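Just a sequence and a predicted model for now, questions to come.
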Amino acid sequence: MKFTDYLYTRPDKDQFIALADKALADLNAADSAQKQLDVLKAVQKASLSIQTMVSLCHVRHSVDTSDSFYEEENEYCENLIPVVEEKLQRIGKAILASPYRAELEKALGKKAFMEVETSVKGISEDIIELMAEDSKLANQYQKLNAAAKIDFMGQTLNIAELGKYKVDKDRSVRRAAFEAEAGYYKEHYGEYDSIFQALVKNRTEQAKRLGYDSFTQVGYFRMGRLGYGPEEVKKFRDSVVADLVPVVTKMKANQAKRVGLDHITYIDDTFNFMEGNPTPAGTPDELLANAIQMYKEMSPETEAFISFMEEHNLFDLVAKKNKRLGGFCTFMPDYKSPFIFSNFNGTDGDVDVLTHEAGHAFNAYINRDKELFGNTDYTMEVAETHSMSMEFFTEPWYHLFFADEKETARYKLSHVEGCMSFIPYGCMVDEFQHYVYDNPDSSIDDKNKKWLELEGKYRPYIDFDELPHFGDGRGWQRQLHIYVMPFYYIDYCLAQTMALQFFMLMNKDREDAWKKYMHFMDYSCNTTFTDLIQQTHMASPFTEGSLKETAAFISKWIDGNQD
């Protein structure tokens, strides 16, 4: 069955509420662990069916935000999700208090109970309406981005389509593209400001109703942090400033020399070579065909995965009008199907998507049959380790996407450099969010000043050169996660440090690195991030000094792979 034939049916809220209420009563009345497990499996089946419909609706709405049917259904699903989550929390509390907990924990796994203990702290019946409003505001932000129609060089483009001009060989074209993007944000800055201030107010109220001082605490609960918290994350950010920022600053100085500049400005940050950034060769269909070939050759596991994706046509890759920005992978449990969404725009980012989102999809495919209650999820830093590491494991096949060896070598270098420079940026996003929610009454001007301060801390090499909007400290408005997925972004940074460790291992023993990667993936549903690190004998990013070896290796590797 092709994805286009997957049937969407609006989930029945009242039916789920009745089922969940009965399940709660049955759990409390059960006289054995097995009877409670039977109840949990029934709830799991119902919630997975809802997840399937919500994911299917989300994809179809994202592909065309102007489709009125799926716009209405998407709003319905966004309002439904908090209701489902609250009912599941009640059931979660019941199993935490179960007299058969020891037997349940043996059957479901220790991590399942850790997840429930964390998740019940982030939701209650008192905030259902606030959570629905939160989703509505976040969707307004995405619609505002998707609606962009920017006049540029005789064309009308959306934000994603501007991407290739922002890395154009002609510096004046790059600046014009950034100014055009800035112009759109500046034209609508009142809407962006209003949406975000409303989100902060809403989320702060959620935290207060739950009994917490700050939404920061709620954000950590909802991200499912297991085994670490804000203090450990701050240690990690401090290590990034101490050990990675100097290496990235040196790297950016070398990049400036490569492209004939004295120093890097904002419009040059992602422009890597005088000849121009590596550009994928071929049409989107050809790129996808090459990706399919790559995964068929990589391993028996990836061959089975990509054949499934190809058979069911589980991709929507090309940027187009009214399509939501960004890229993501989602999963539809009833069909046991991942789905990859992106916005190809003719840059090397298209290759990044084919490797990164496929890492998510591969993991979802590998774990598609694990359906015990509370044991189907993996925390986000684990999920991002899957995807970011896959970007490196595909290295032997990079040549399939570029015209010649030189272009392939440039992509290889720019990819490693991009991974390194991303980590400080991601930490900047994270620290900004801590500031925002720890200071919920801060004005937009306060937020802009804080963003510029953090730019100097994490990206001291960038000169904004009087660029409108971005030079005014409003660059945070471009970052979707700040609006839509609070406190997610640090997961990318933690995962990137793990992916770079896998990269180091690949350079020593690729076969052993792949075994560790598969172990990391196989156990990701029932083991925490910190435990997985220990099991695979890798360095914890929360340990002081752990980034020094990575920084030294990558710095030496980059020096040896300059053009």
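Ah, there it is.

Do I have it right that residue 415 meets residue 394?
No. At 9.9 Å, residue 415 does not count as touching residue 394 under the criterion of C-beta atoms under 8 Å. All C-beta spots, glycine's among them, are computed from the backbone N, C-alpha and C.

count of neighbours near the residue lying closest to residue 523 once chain neighbours are set aside?
Spatial nearest neighbour of residue 523, excluding adjacent residues (C-beta to C-beta, 6 or more residues apart in numbering): residue 532 at 6.4 Å. Other residues near residue 532 number 22, with proximity taken as other C-beta atoms under 10 Å.

tell me the SS of residue 532?
Classification of residue 532 using DSSP: H, G, I helix; E, B strand; the rest coil returns helix.

same deal with residue 275?
With three-state DSSP as the criterion, residue 275 reads coil.

ok, it - contacts?
Applying C-beta atoms under 8 Å, 6 or more residues apart in numbering to residue 275 gives the contacts 169, 410.

Against residue 143, how distant is it?
38 Å (C-beta to C-beta, to the nearest Å).

Over to residue 341?
Per C-beta to C-beta, residue 341 is found 16 Å from residue 143.

Ok, residue 151 next?
20 Å.

In this structure, which strand is the longest?
Counting by DSSP state E, the longest strand found in the chain is strand 337-344.

who has more neighbours, residue 151 and residue 143?
residue 143 (15 against 11).

would you say that one is within a helix?
Yes. Assigned with three-state DSSP, residue 143 falls within a helix.

for it, what are its contacts?
residue 65.

Kindly report the same for residue 125.
Contacts of residue 125 (C-beta under 8 Å, 6+ apart): residue 86.

and if you look at residue 161?
Residue 161 makes contact with 319, 345 under the criterion C-beta under 8 Å, 6+ apart.

repeat that with 10 Å
For residue 161, the contact set (C-beta atoms under 10 Å, 6 or more residues apart in numbering) comprises 148, 150, 152, 155, 319, 320, 321, 343, 344, 345, 346.

Show the buried residues in those residues.
Burial by neighbour count, judged by 16 or more other C-beta atoms under 10 Å, picks out 148, 150, 152, 319, 343, 344, 345, 346 from those.

pLDDT value on the closest residue to the third one other than its chain neighbours, please?
Read that as residue 152. The shortest distance from residue 152 to any non-neighbouring residue, by C-beta to C-beta, 6+ apart, is to residue 180 (4.8 Å). On pLDDT, residue 180 comes in at 96.

Count residues in the vicinity of residue 38, would you?
12.

wait, residue 94 sits on residue 36?
Yes. Contact status for residue 94 versus residue 36: in contact at 8.5 Å, counting by C-beta atoms under 10 Å.

hang on, the earlier thing: tell me the SS of the residue nearest to residue 152?
Under three-state DSSP, residue 180 comes out as helix.

For it, give its distance to residue 65.
With distances taken as C-beta to C-beta, residue 180 is found 21 Å from residue 65.

got it, and residue 59?
From residue 59 to residue 65 the distance is 12 Å (C-beta to C-beta).

Name the residues contacting each of these two.
residue 324.

Show me how far the longest strand of the chain is from its chain's centre.
Its chain's C-alpha centre and that of strand 337-344 lie 13 Å apart, by C-alpha atoms, centre = their mean, to the nearest Å.

Equivalent analysis for stretch 489-499, please.
Stretch 489-499 sits 10 Å away from the centroid of its parent chain (C-alpha atoms, centre = their mean).

which parts of it are buried?
By 16+ other C-beta under 10 Å, the buried positions in stretch 489-499 come out as 489, 490, 491, 492, 493, 494, 495, 496, 497, 498, 499.

Just put the residues you listed in a markdown table and tack on distance to residue 21, pLDDT and secondary structure.
As requested, those are exported to a markdown table (distance: C-beta to C-beta, whole Å; pLDDT from 0 to 100; DSSP: H, G, I helix; E, B strand; the rest coil):
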| residue | distance to residue 21 | pLDDT | secondary structure |
| --- | --- | --- | --- |
| 489 | 37 | 94 | helix |
| 490 | 37 | 96 | helix |
| 491 | 34 | 95 | helix |
| 492 | 38 | 93 | helix |
| 493 | 41 | 96 | helix |
| 494 | 38 | 96 | helix |
| 495 | 38 | 95 | helix |
| 496 | 43 | 96 | helix |
| 497 | 44 | 96 | helix |
| 498 | 41 | 95 | helix |
| 499 | 44 | 96 | helix |
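
Out of these, which is nearest to residue 258?
Lowest distance from residue 258 to the buried residues of stretch 489-499 (C-beta to C-beta) belongs to residue 496, with 22.8 Å.

The closest one contacts residue 389, doesn't it?
Yes. Between residue 496 and residue 389 there is a contact at 9.4 Å, judged by C-beta under 10 Å.

who touches residue 316 in this structure?
Residue 316 neighbours (C-beta under 10 Å, 6+ apart): 3, 59-60, 62-64, 323, 339-344.

by contact count, what packs against the helix or strand bottoming out on mean pLDDT in the chain?
Lowest by mean pLDDT, DSSP states H and E among the helices and strands of the chain is helix 110-119, with a mean of 85. Under the contact definition 3 or more C-beta pairs under 10 Å, 6 or more residues apart in numbering; DSSP states H and E, helix 110-119 sits against helix 68-96, helix 101-108, helix 215-222.

That helix: which residues count as buried?
Neighbour-count burial for helix 110-119 flags 111, 112, 113, 114, 115, 116, 118, 119 (criterion: 16+ other C-beta under 10 Å).

Take these and lay them out in a markdown table including distance to residue 428.
Below are the buried residues of helix 110-119 laid out as a markdown table (distance: C-beta to C-beta, whole Å):
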| residue | distance to residue 428 |
| --- | --- |
| 111 | 31 |
| 112 | 34 |
| 113 | 35 |
| 114 | 30 |
| 115 | 29 |
| 116 | 33 |
| 118 | 26 |
| 119 | 28 |
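
so which of these comes closest to residue 518?
residue 111 (18.9 Å).

Go ahead and confirm that closest one touches residue 379.
Yes. Counting by C-beta under 10 Å, residue 379 is a contact partner of residue 111 at 9.1 Å.

which residues do those two both contact?
Both residue 111 and residue 379 are contacted by 224, 226, 524, 527, 528, under the criterion C-beta under 10 Å, 6+ apart.

Make CSV from these and add distance to residue 448 to it.
CSV is the format used below for these (distance: C-beta to C-beta, whole Å):
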residue, distance to residue 448
224, 31
226, 34
524, 38
527, 41
528, 37
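
Sounds good, over and out.
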